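K.L.:
Below are the sequence and a predicted model; questions follow.
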Amino acid sequence: MKPWYIYLAKARTNRLYVGMTTDLVERIKKHNSGNGAKFAVDQGPFELVYVSQPFGSKSEARQREIQAKKWSHEKKLKLISREWR
């Protein structure tokens, strides 16, 4: 079973996208191909700026993703710079 990851990707507009995946490279490719979520299509292309430690299950990763999506932009920037965990 592949581990799950939470990631943050920065759009060309400097907005941050929070997502989860088992394949980071393919997920960013999908975002940048114009076939991802509406946000990705509207805001892309994206640069991967943060990857979490692996999660043992999809549900654990999903809980963290939901939590991170509620964070302010500033708090997400602190996570990227490793000032916050």
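P.N.:
Received the coordinates, thanks.
K.L.:
Contacts for the lowest-mean-pLDDT helix or strand in the chain next, please.
P.N.:
Least confident element among the helices and strands of the chain, by mean pLDDT, DSSP states H and E: helix 38-43 (a mean of 76). With contacts defined as Cβ atoms under 8 Å, 6 or more residues apart in numbering, helix 38-43 is touched by Ala11, Arg12, Thr13, Arg15, Tyr17, Lys30, His31, Asn32, Gly34, Asn35, Phe46. Using the backbone N, CA and C atoms, a C-beta is placed for each residue, glycine as well.
K.L.:
Would you mind checking which of these the model is least sure about?
P.N.:
Minimum pLDDT for the contacts of helix 38-43 is recorded at Asn35 (70).
K.L.:
So it: helix, strand or coil?
P.N.:
Classification of Asn35 using DSSP: H, G, I helix; E, B strand; the rest coil returns coil.
K.L.:
what residues are up against it?
P.N.:
Contacts of Asn35 (Cβ under 8 Å, 6+ apart): Val41.
K.L.:
For Arg27, see how far away it is.
P.N.:
Separation of Asn35 from Arg27 (Cβ to Cβ, to the nearest Å) stands at 11 Å.
K.L.:
With that, I have no additional questions.
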